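Q: let me see the structure of the following:
(one chain, ligands or ions: 1)
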Amino acid sequence: MANWVKITNIDEIPFMGSRKILIKDKEIAVFKTKDNSIFAVNNECPHKQGNLSEGLVHENQVTCPLHNWDIDLKTGEAQGNDCGCTKTYESKIEKDILYIAI
Ligand code: FES
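A: Now for the predicted structure:
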C-alpha cells in the first residue's frame, strides 16, 4: 500500500522548474511542467548521477545539467540513444497540497 508523504503547496514548485526534497535520506526532484503537471523522480541521472533538479525542463522531460541526457519525467527513462532509467514516484494533489507515494 502506498505511503503518501505530504510535500508542499504546489505553488511552491516553480513553473517549468523543480524543487529538491529529502525524504528518508532519498533526494527526490519534483518538477512542474509547462502544462502544470507534477512529476517526482529520484534526483539522480541514470548516466553519472547528475542532479536532475538542476536540469532544464521542457515538455515532459528534463535535460540533465552534466551531459545533456534527456530524461522522460513520466517514465524516468533516458531518451534517444541513451540508456538508463531513474526511479519515478506517484504523486497526487489534494487542496493544492502535493503528496508523493514513497
Ligand atoms: S550525469 Fe546526467 S547526462 Fe551524464
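Q: hang on, residue 51 packs against residue 20?
A: Yes: applying C-beta atoms under 8 Å as the test, residue 51 and residue 20 come out as touching, 7.4 Å apart. C-beta coordinates here come from the backbone N, C-alpha and C atoms, glycine included.
Q: can you give me the strands for this protein?
A: Using DSSP state E, the strands found in the chain span residues 4-9, 17-23, 26-32, 38-42, 56-58, 61-63, 70-72, 88-89, 91-94, 97-101.
Q: what does the shortest one rub up against?
A: Defining contact as C-beta atoms under 8 Å, 6 or more residues apart in numbering, one finds that strand 88-89 is touched by 28, 39-42, 73-76, 100-102.
Q: quick check: which ranges of this protein have low pLDDT?
A: Within the chain, no range satisfies pLDDT under 70.
Q: enumerate the residues of it near the ligand.
A: Within the chain, the residues that sit near the ligand (C-beta under 6 Å from any ligand atom) are 45, 47-48, 50, 64, 66-67, 69.
Q: need the residues touching each of residue 51 and residue 20.
A: With the criterion set as C-beta under 8 Å, 6+ apart, the overlap between the contacts of residue 51 and residue 20 is 27, 29, 43.
Q: which residues does the first one form beta bridges with?
A: Read that as residue 27. In this structure, residue 27 has beta-bridge partners residue 22, where bridges are defined by DSSP bridges.
Q: what's near enough to touch it?
A: Contact criterion C-beta under 8 Å, 6+ apart gives 20-21, 42-44, 51, 53 as the residues in contact with residue 27.
Q: neighbour count added to those, as JSON lines?
A: Below are the contacts of residue 27 laid out as JSON lines (neighbours: other C-beta atoms under 10 Å):
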{"residue": "20", "neighbour count": "13"}
{"residue": "21", "neighbour count": "19"}
{"residue": "42", "neighbour count": "18"}
{"residue": "43", "neighbour count": "23"}
{"residue": "44", "neighbour count": "19"}
{"residue": "51", "neighbour count": "16"}
{"residue": "53", "neighbour count": "21"}
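Q: quick one on the thing from earlier: could you dump the contacts of strand 88-89 to TSV with distance to residue 3?
A: Below are the contacts of strand 88-89 laid out as TSV (distance: C-beta to C-beta, whole Å):
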residue	distance to residue 3
28	13
39	19
40	14
41	17
42	16
73	21
74	21
75	22
76	19
100	9
101	7
102	5
